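Visitor: Output the structure for:
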Amino acid sequence: MLLIRAPKDIVFVSTMNLDGETNLKDREIPINISEAELKTFQGSVVADTANANIDQWEGYLTKDADG
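Guide: Down below sits the predicted model:
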């Protein structure tokens, strides 16, 4: 899951379907894009391929030159 907009910089997600744990895990949103920016954003997502490690994931947004 790629979360790019939330009311706070830290969110809590359930990973029970992935690892069986019932406690919520905190995840940080490094850059919180405004709603106006999100509506007009043109670019792409570059991310790691799927793997078993749910605690570490690398990914970033790239903005098109004209976006």
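Visitor: Backbone torsions only: list them for the closest residue to Thr22 other than its chain neighbours.
Guide: Excluding its sequence neighbours, the residue lying closest to Thr22 (Cβ to Cβ, 6 or more residues apart in numbering) is Met16, at 5.5 Å. C-beta here means a position set from N, CA and C on the backbone, and glycine is covered the same way. The phi and psi values for Met16, taken as degrees, to the nearest 10, are phi -60, psi -40.
Visitor: Wasn't Asn51 part of a helix?
Guide: No: read with DSSP: H, G, I helix; E, B strand; the rest coil, Asn51 is coil and lies in no helix.
Visitor: And the pLDDT at it?
Guide: Listed pLDDT for Asn51 reads 76.
Visitor: can you check Ile54 too?
Guide: At Ile54, pLDDT is 68.
Visitor: just to revisit the earlier point, tally of neighbours for the residue nearest to Thr22?
Guide: 11 (other Cβ atoms under 10 Å).
Visitor: Likewise for the one 5 residues further on?
Guide: By other Cβ under 10 Å, the residues close to Glu21 number 10.
Visitor: Quick check: it vs Pro7, distance?
Guide: Applying Cβ to Cβ, to the nearest Å, the value for Glu21 to Pro7 is 24 Å.
Visitor: One more: Gly59?
Guide: Remark: distance between Gly59 and Pro7 (Cβ to Cβ) = 21 Å.
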